[in-house]
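Q: Predicted model and sequence below, questions to follow.
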Amino acid sequence: MRARSHSSTRGDRTRCLARQVNSHTLRIFSHGNSPILPRSPTPFLLCLAGSYVSPGVLLLILLLNSIRQTETIKHHPAALNVELLGVLLRQSKEKTLLKFLSKDLSCVNAPLAARLLAEARLPQETAPADMPDKMVVALAQLLSEAHFPAPPSSCLSPVGEYNMRLGILKELRPELVATYQDTACTVEGHPMIVEAGVCLGGPDAKPGISVYRFANRIPLLFEGGGDVATQVSKRRINWGAYKIRQNQDKIGVFISVVSTKVPFKGTGKEYIGDDIPEVHAAVKRAMERCCLQLKVKLVKQRAMADERERKKNMTKCETRARAHTHTDTRARTHTDMHMHT
């Protein structure tokens, strides 16, 4: 029997560890585990049944575990227009309109579909492919006016807080980093996840706010002035409330928007407008969570600096007091000797 190579054994060990990560049997400990990381990455200690692995293998396991598995979802009723609804009706394999609504669309069950058709006075047994244009328009208008549950966000693959933090540390080398992934929201029937990262400092950073924007992991480089990330970071955030000086500190703002349909403005698709309440609220909420994390760290740092300054001043006062006491003692001794003489 041929002996297995060292590389094959190492690969099997890595895959085995990755499977145990997914089954939550792996425990990872970090010194000073916090959402805010210093400039140098904190060393990780991995403990698995009393054995240890190298940092490279640990990093690979963490990256594999941070990749979110996506799922294919059906169209949400609120995201359908007349043209798309007509295409879906013609391509449907269902025999009746009732089954089309309950099986080919998400967030619609059979009782809800029956109530919708009864309200629109559309026959349930109508074949989807044979619907006339007037019925399609009436159905599209009904779906746009009705209220449905939010679509699932399992189809999205966001960057992740861990990967975003690693990227910020690698590119800007800041002193403090905070990241946050907001809960999924819905914009015109499409699920959306907003991720934010705020960093302070960096050798190459400039004083003020620098905004970095991403849509479905693609950087947006142009027309940033009207983007929701720029508007919120420069006009909607009270930086002073988080112990951050807007014009003097080196502030880096990272906003990543992931959605099945990013609400771009303009024909160039280079920015996301500030006029969509759901997106505006999600971006502001994510940034405020990052700022709260930074505020905790900044307050601790400034408290420690004040304590060091207080001790330094006390040391100076004690030194001066001792010197003054020594001078008085010498003067008194000299006076006593002179009087004795």
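A: Thanks, I have the structure now. Residues are numbered from 1 along each chain as shown.

Q: Would you mind giving the domain segments of this structure?
A: 6-66, 77-145, 161-294 (automatic domain parsing).

Q: Tell me which of the ones you listed is the most buried.
A: Ranked by mean neighbour count under mean count of other CB atoms under 10 Å, the domains of the chain are led by domain 161-294, which reaches a mean of 18. All C-beta atoms are positioned from the backbone trio N, CA, C, and that covers glycine.

Q: Show the end-to-end separation of it, please.
A: End-to-end distance of domain 161-294 (CA to CA, to the nearest Å): 15 Å.

Q: residue boundaries of the strands in this structure?
A: Ranges of strands within the chain are 27-30, 44-47, 176-181, 185-187, 190-200, 208-215, 218-220, 250-259, 264-265, 271-272, based on DSSP state E.

Q: for those, which one sits closest to Leu97?
A: Closest to Leu97 of the strands of the chain, according to CB to CB: strand 190-200, at 23.9 Å.

Q: Can you give the strand pairings for the closest one, parallel or anti for each?
A: Each strand paired with strand 190-200, and its direction, by DSSP bridges: strand 176-181 (antiparallel), strand 185-187 (antiparallel), strand 250-259 (antiparallel).

Q: For Phe100, find the nearest of these.
A: Each of the strands paired with strand 190-200 has some distance to Phe100 by CB to CB; the shortest is strand 185-187, at 22.1 Å.

Q: what residues does the closest one touch?
A: For strand 185-187, the external contacting residues (CB atoms under 8 Å, 6 or more residues apart in numbering) are 76, 78, 150-151, 191-194, 259, 261, 263, 276, 278-279, 281-282.

Q: how about the helices in the stretch 1-150 of the chain?
A: All helices of the stretch 1-150 of the chain, identified by DSSP state H, counting those that start in this stretch, fall at 6-22, 55-66, 82-91, 97-103, 110-120, 133-145.

Q: Now Ala229: closest residue in space, sequence neighbours ignored.
A: With CB to CB, 6 or more residues apart in numbering as the measure, Ile255 is the residue that lies nearest to Ala229, at 3.8 Å, once sequence neighbours are left out.

Q: Look up how far Glu145 lies from the one you found.
A: Separation of Ile255 from Glu145 (CB to CB, to the nearest Å): 32 Å.

Q: Leu169 against Ala178, yeah?
A: No - using CB atoms under 8 Å, Leu169 is not in contact with Ala178; the gap is 11.8 Å.

Q: Tell me where the model's unsure across this structure.
A: 1-68, 324-341 (pLDDT under 70).

Q: any idea how far Gln246 is from Ile237?
A: In terms of CB to CB, Ile237 sits 8 Å off from Gln246.

Q: ok now stretch 114-124, how far from the chain's centre?
A: Computed by CA atoms, centre = their mean, to the nearest Å, the separation of stretch 114-124 from the middle of its chain amounts to 42 Å.

Q: typed the wrong thing, it's stretch 167-186
A: Counting by CA atoms, centre = their mean, stretch 167-186 comes out at 6 Å from the chain centroid.

Q: Check stretch 81-90 too.
A: For stretch 81-90, the distance to the chain centre is 34 Å (CA atoms, centre = their mean).

Q: can you check stretch 268-278 too?
A: Worked out by CA atoms, centre = their mean, stretch 268-278 lies 18 Å from the chain centre.

Q: first to last residue in it, what's the distance?
A: 22 Å.

Q: Please apply the same query to stretch 203-216.
A: 28 Å.

Q: Repeat that for stretch 111-128.
A: 18 Å.

Q: Phi, psi for the closest residue to Phe148 other than its chain neighbours please.
A: Excluding its sequence neighbours, the residue lying closest to Phe148 (CB to CB, 6+ apart) is Cys107, at 4.7 Å. Backbone geometry at Cys107, expressed as degrees, to the nearest 10, gives phi 60, psi 20.

Q: ok, the nearest residue to Gln231 once chain neighbours are set aside - contacts?
A: Leaving aside its chain neighbours, Gln231 sits nearest to Asp274 (4.3 Å; criterion: CB to CB, 6+ apart). By CB under 8 Å, 6+ apart, the residues touching Asp274 are Gly226, Asp227, Val228, Gln231, Val232, His280.

Q: For Asp274, give its distance to Lys234.
A: 11 Å.

Q: swap in Lys261?
A: Shown here: Lys261 relative to Lys234, a distance of 26 Å by CB to CB.

Q: And for Arg90?
A: Arg90 is 47 Å from Lys234, by CB to CB.

Q: Spatially nearest residue to Ala281, not counting backbone neighbours?
A: Cys185 (7.7 Å).

Q: Could you tell me how far the one you found is located from Lys261?
A: Counting by CB to CB, the gap from Cys185 to Lys261 is 13 Å.
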